[in-house]
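Trainee: Fold the following, please.
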Amino acid sequence: MILGNPKLINTYNPSSVVEQEITSGLDSTYSSYMFVFTDMHTQTDSKVITFQAWNAAGVTPAYDTPTTTAPCVAYNYEVAPFSNNFDFEAGIKASSQTTMVEMHRRMGNASDNCMAGIFILINPASTTHDKYFYYNFNNTMDLGPATTQTISQGQFQTTSAITKIRFSTNGVTTLFDGTIQLYGVT
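Mentor: Numbers count the residues shown, from 1 in each chain. Here you go, the predicted structure:
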């Protein structure tokens, strides 16, 4: 749920890149920030979009921020033999992880496969509390074929201000395309 009025800060259009870093705009201006993902597409099958944040004191890409998530995933397969399911997804759960964190499961790379959703970061400028986030993504999987919805929440376990976030794929040579919009929410 978004409370307040989103204000567009920037639009990023990654095209055939391995990562997209957001290195400006995350500050104390807004209490929350919303990332809107549209038409995200990996150029290699069975890949995912990942994320991690770091603070101003970190050296790029110093993932000095432990991240914890607890995702649930709904699967809707188009054909047998797979069945539809909704479950806690232990395979992409993170517990104090300082590496890139998966946001969803195995994206297909067919022309009609993509990912879309929102990622909300709450109070990243706080120097008193951990930073919390939640996200909701839908993507087309390479298995089945199927569509999945991943809903998760978590925290960056640091009292330092989060000033940067990186979105990437789970393969150092896997390229992706799409649009990421950064909004401030008052």
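Trainee: Next, count neighbours for Gly184.
Mentor: Using other Cβ atoms under 10 Å, Gly184 has 19 other residues around it. The way it works is simple: take the backbone N, C-alpha and C, and place the C-beta from them, glycine included.
Trainee: Local confidence estimate at it?
Mentor: We have a pLDDT of 96 for Gly184.
Trainee: Return the residues in contact with it.
Mentor: Neighbour list for Gly184: 6-7, 9, 25, 29-30, 32-34 [criterion: Cβ atoms under 8 Å, 6 or more residues apart in numbering].
Trainee: Looking at the residues you listed, which are in strands?
Mentor: Among those, DSSP state E puts 6-7, 9, 32-34 in strands.
Trainee: where does the chain have low pLDDT?
Mentor: Scanning the chain for pLDDT under 70 picks out the ranges 1-3, 55-68, 80-83, 86-98, 105, 143-144, 171-173.
Trainee: rerun at 50
Mentor: Scanning the chain for pLDDT under 50 picks out 59-62.
Trainee: All the strands of it, residue numbers only.
Mentor: Going by DSSP E, the chain shows strands at 6-12, 19-22, 32-42, 49-55, 67-69, 72-77, 85-88, 94-97, 101-102, 115-122, 131-141, 146-156, 162-169, 176-185.
Trainee: Can you say which of those strands is nearest to Asn109?
Mentor: strand 32-42 (5.5 Å; Cβ to Cβ).
Trainee: which among the contacts of Gly184 gets closest to Thr99?
Mentor: For those, the nearest to Thr99 is Tyr33 (22.3 Å; Cβ to Cβ).
Trainee: wait, isn't that closest one in contact with Pro124?
Mentor: Yes: between Tyr33 and Pro124 there is a contact at 6.4 Å, judged by Cβ atoms under 8 Å.
Trainee: Now the common contact residues for those two.
Mentor: With Cβ under 8 Å, 6+ apart as the test, Tyr33 and Pro124 both reach Leu26.
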